[in-house]
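> Predicted model and sequence follow; I will ask about them next.
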Number of protein chains: 2
Amino acid sequence: MKKRILIALAIFLTVSIQLNAQQSLWGAAGDVSPEVKEDNTVTFRFQAPNAKEVKITGDWMPAQSWTPGSESMTKDDKGIWSYTTKPLESDLYSYSFLVDGLKTTDPNNVYLIRDVASVFNVFIVGGGKADLYKVNKVPHGTVARRWYNSPGNSLTRRITIYTPFGYESSKEKYPVLYLLHGMGGDEEAWIALGRTSQILDNLIAQGKAKPMIVVMSNGNVAQEAAPGESSLGMYKPTFQLPNTMDGKFEETFTDVIKFVESNYRVKAEKSGRAIAGLSMGGYHSLHISRYYPNTFDYVGLFSAAVMPDAKVTSKVYADIDGTLNIQMKNGYKLYWIGIGKSDFLFKFNEEYRAKLDKMGMKYVYRESEGGHTWTNWRVYLSEFAPLLFK
Amino acid sequence: MKKRILIALAIFLTVSIQLNAQQSLWGAAGDVSPEVKEDNTVTFRFQAPNAKEVKITGDWMPAQSWTPGSESMTKDDKGIWSYTTKPLESDLYSYSFLVDGLKTTDPNNVYLIRDVASVFNVFIVGGGKADLYKVNKVPHGTVARRWYNSPGNSLTRRITIYTPFGYESSKEKYPVLYLLHGMGGDEEAWIALGRTSQILDNLIAQGKAKPMIVVMSNGNVAQEAAPGESSLGMYKPTFQLPNTMDGKFEETFTDVIKFVESNYRVKAEKSGRAIAGLSMGGYHSLHISRYYPNTFDYVGLFSAAVMPDAKVTSKVYADIDGTLNIQMKNGYKLYWIGIGKSDFLFKFNEEYRAKLDKMGMKYVYRESEGGHTWTNWRVYLSEFAPLLFK
């Protein structure tokens, strides 16, 4: 018996010491970065005794045109570089280090988000609007990655679907928000960068939004799935893909709707359908909702690209004004346009609104600060979702 | 009309040029890394003109004890460091760069996997056993992240569940494999590092495994969810957590089974239940299967830790020999033990097998090359799953 106890002890110690050793050898430096403090200042630390210069670049820093800002970090006598921000407004932020000019991730922060071909560290400063993106102790919905058949694209395609807490055990029919990503995104964009499941969990728990299913399809119809998730393997993602703004996605969107309405317990009617998207996804939402002009009672254009390239010949864009008119006459409950004052698409949205004004087509307009950013899109989603299915 | 076309063109060009500009400024150097070639050699590239020394460390390199191997990279006249491997055996590999001694991720590779508090780049060399882990053009199952109520832990907890292709549209009942992670892992480990969904998709498509549900629960009962997915926010993960090997998980595993059997269309009987796990998860599988000695017809111990710490007083470990005996007498279809020859747990597994031999408790033994690695655990899963529910 004594022997068994000794063996047991030996195993436990061996496992824990050796695995810890493995961990620390392979692991990050034993420091905390980022450290979000009570006063909303954030300290970053990076151990690099031999580096000549370490900077930090973060999306809270003022950018010059398209060049993100950066700040110098300071080295201490242990070779640890650090930098502390001013108090930051509540939000989800991304950043990288620049070590002697080379962009690198923070080895102390395992929270990373891919945006097209780049990977950034992220952190959250709470106590404000980011409390909407946080995981709170509230009932949580389910996030499923599924595959649906798209005969229109001759592909089986991956799709991300959020079902709200209670869906599985309920017998009720749920309304559906189709939520579309921008150029460079895919079926992972809204769930990762957009924090859709957290935003919906929180809004629903607070009674601010109706329980709804959120369908995040992939708007790049040439793709089976997000990079790394398809039979193409782990290739390097590119920003622009073929067939994203040529009418094909709009035309084959009925495949998505059919899949959802035959696989989920949903309100398969206009009053139970919303469509919204950011940038290219706003463009898709605009054109899908007027091309199928009696399908959606709720439309959201977040920093939307609006008009197709003149070279595109798809029948989807053959009669934009005519189909908008039909959409208007068929009626809808909400046509929501949100854009930031410094968004490079601002003036095109202004022109689009002028067009709608001229037609007499009603919309709700939300002008925010800032530009073409996820910060805005998360806020737009959290303002748009509560207006749906009421 | 002409004006509209011009505006449309302007929008398209503005969007694509400006977004591309944003991308390239924030993005990685315009090179491919890693490049997996026809002959299974792999070339890595890293742009760092000012670095004095760049090395690469990868898990295919011979390690000295717990220190991973590394190799020097060579700089060309453009400041790009490169390194080409010998032909590699088909597998999923992980690696990092060491730039003047600092571990960094490869900015050209967006495929990253977190293991506890470290993040590594990964790539796949196909044409052999890794073809089992690849996404192939086969019918795909669904992967859902859900939350279940665990009264035994007074927590709502996150769980990852794979349902095979066809589950949603079928009326049949499916068998269930409960698949448990090791120390430092969580409900993401088997799906990310273990490539469970790809392995199951492929085995099922080839007719090698029966369609089955795979339930990947979180074995750290003090946790609601994987780091970053719980109300604790984005904290720095640690390797060892309380209450992982003290009987609590085994005792409350009935909460997991109850959730699965009341929420999924499953064969809720011994012949429809398998349990397997790696390292700590092998320990959990051993003890859960004997503590509930008439519950599982299939048990898999992958590089398992075997015996509890002598200090642990849980009733779960009060009568190991007695409950093993009952489990043996109740009968089961498969008790599978797999371990690598150089695994640091090898001798404890040897002793455990001697114990089973002495008792007359039958098992299938699989001794592989290598040690305590995901390479082995992916292979064990792909060998174990085909033996189930036949």
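Okay, I see it.

> where does the stretch 51-200 of chain A have low pLDDT?
By pLDDT under 70, the low-scoring segments of the stretch 51-200 of chain A are A:64-66.

> mind listing the helices for it?
A:189-192, A:196-205 (DSSP state H, counting those that start in this stretch).

> Of those helices, flag the one that's most buried.
Mean neighbour count (mean count of other C-beta atoms under 10 Å in any protein chain shown) peaks for helix A:189-192 among the helices of the stretch 51-200 of chain A, with a mean of 24. Every residue, glycine included, has its C-beta placed from N, CA and C.

> Which strands and helices lie in contact with it?
strand A:155-163, strand A:213-216 (3 or more C-beta pairs under 8 Å, 6 or more residues apart in numbering or on different chains; DSSP states H and E).

> tell me the mean pLDDT for the shortest one?
Model confidence over strand A:213-216 averages 98 on the pLDDT scale.

> Adjacent strands (with direction) for that strand?
strand A:155-163 (antiparallel), strand A:176-180 (parallel) (DSSP bridges).

> Toward the C-terminus from it, list the very next helix or strand.
Downstream of strand A:213-216, the next assigned helix or strand under DSSP states H and E is helix A:248-251.

> what residues does the stretch 201-350 of chain A put near chain B?
A:225, A:227-231, A:233-234, A:236-237, A:239-240, A:245, A:263, A:279-280, A:305-310, A:344-345, A:348 (C-beta under 8 Å from any C-beta of the partner chain).

> Residue A:353: how many residues sit nearby?
Other residues lying near residue A:353 total 17 when counted by other C-beta atoms under 10 Å in any protein chain shown.

> re earlier: could I get the helices of the stretch 51-200 of chain A as TSV with distance to residue A:101?
Compiled in TSV, these are given as follows (distance: least, C-beta to C-beta, whole Å):
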stretch	distance to residue A:101
helix A:189-192	28
helix A:196-205	35
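
> For residue A:35, which of those is the nearest?
helix A:196-205 (22.0 Å; C-beta to C-beta).

> CA atoms only for the closest one - export them in PDB, please.
What follows is helix A:196-205 as a C-alpha-only set of coordinates in PDB (Å, rounded to 0.1, in the frame of the first residue of the first chain):
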ATOM      1  CA  THR A 196     -21.900  38.600 -32.400                       C
ATOM      2  CA  SER A 197     -22.600  35.800 -29.900                       C
ATOM      3  CA  GLN A 198     -21.600  37.900 -26.900                       C
ATOM      4  CA  ILE A 199     -23.600  40.900 -28.200                       C
ATOM      5  CA  LEU A 200     -26.700  38.900 -28.800                       C
ATOM      6  CA  ASP A 201     -26.400  36.900 -25.500                       C
ATOM      7  CA  ASN A 202     -26.100  40.200 -23.600                       C
ATOM      8  CA  LEU A 203     -28.900  42.100 -25.500                       C
ATOM      9  CA  ILE A 204     -31.300  39.100 -25.100                       C
ATOM     10  CA  ALA A 205     -30.500  38.600 -21.500                       C
END
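
> and the angle for that helix with strand A:155-163?
Orientation of helix A:196-205 against strand A:155-163 (axes from the mean of the first three to the mean of the last three C-alpha atoms, to 10 degrees) gives an angle of 30 degrees.

> what helix or strand is residue A:356 on?
Applying DSSP H and E, one finds residue A:356 within helix A:346-359.

> Just after that helix, pick out the following helix or strand.
Immediately after helix A:346-359, counting by DSSP H and E, sits strand A:364-368.

> okay, the angle between the helix or strand following that next one and strand A:364-368?
For strand A:364-368, the following helix or strand on the C-terminal side (DSSP H and E) is helix A:374-384. Between helix A:374-384 and strand A:364-368, the angle comes out at 150 degrees (the same axes, to 10 degrees).

> I'd like to know which of the helices of the stretch 51-200 of chain A is closest to residue B:140.
Of all those, helix A:189-192 comes closest under C-beta to C-beta, at 17.5 Å.

> so what's residue A:178 up against?
Contacts for residue A:178 (C-beta atoms under 8 Å, 6 or more residues apart in numbering or on different chains) come out as A:215, A:217, A:253, A:256-257, A:273-276, A:285.

> Kindly report the same for residue A:299.
Contacts of residue A:299 by C-beta under 8 Å, 6+ apart are A:274-276, A:285-286, A:289, A:332, A:334-336.

> Mind checking which of these land in strands?
Counting by DSSP state E, the contacts of residue A:299 place A:274-276, A:334-336 in strands.

> Filter the residues you listed down to the buried ones.
A:274-276, A:334-336 (16 or more other C-beta atoms under 10 Å in any protein chain shown).

> ok, back up a step: which of the contacts of residue A:178 sits closest to chain B?
residue A:215 (13.9 Å; C-beta to the nearest C-beta).

> ok, that closest one - how many residues close by?
Residue A:215 has 27 nearby residues by other C-beta under 10 Å.

> repeat for residue A:358
That count, for residue A:358 with other C-beta under 10 Å as the rule, works out to 8.

> before we move on, what about residue A:55?
18.

> what's it in contact with, if anything?
Contacts of residue A:55 (C-beta under 8 Å, 6+ apart): A:70-73, A:97-98.

> how about a cut-off of 10 Å?
A:69-73, A:81, A:83, A:96-101, A:103 (C-beta atoms under 10 Å, 6 or more residues apart in numbering or on different chains).

> quick one: contacts for residue A:342?
Neighbours of residue A:342 in contact, by C-beta under 10 Å, 6+ apart: A:368-373.

> Neighbour-wise, give me the winner out of these.
Busiest of the contacts of residue A:342 [other C-beta under 10 Å] is residue A:372, holding 22 neighbours.

> ok, and the closest non-adjacent residue to that one?
residue A:343 (4.9 Å; C-beta to C-beta, 6 or more residues apart in numbering or on different chains).
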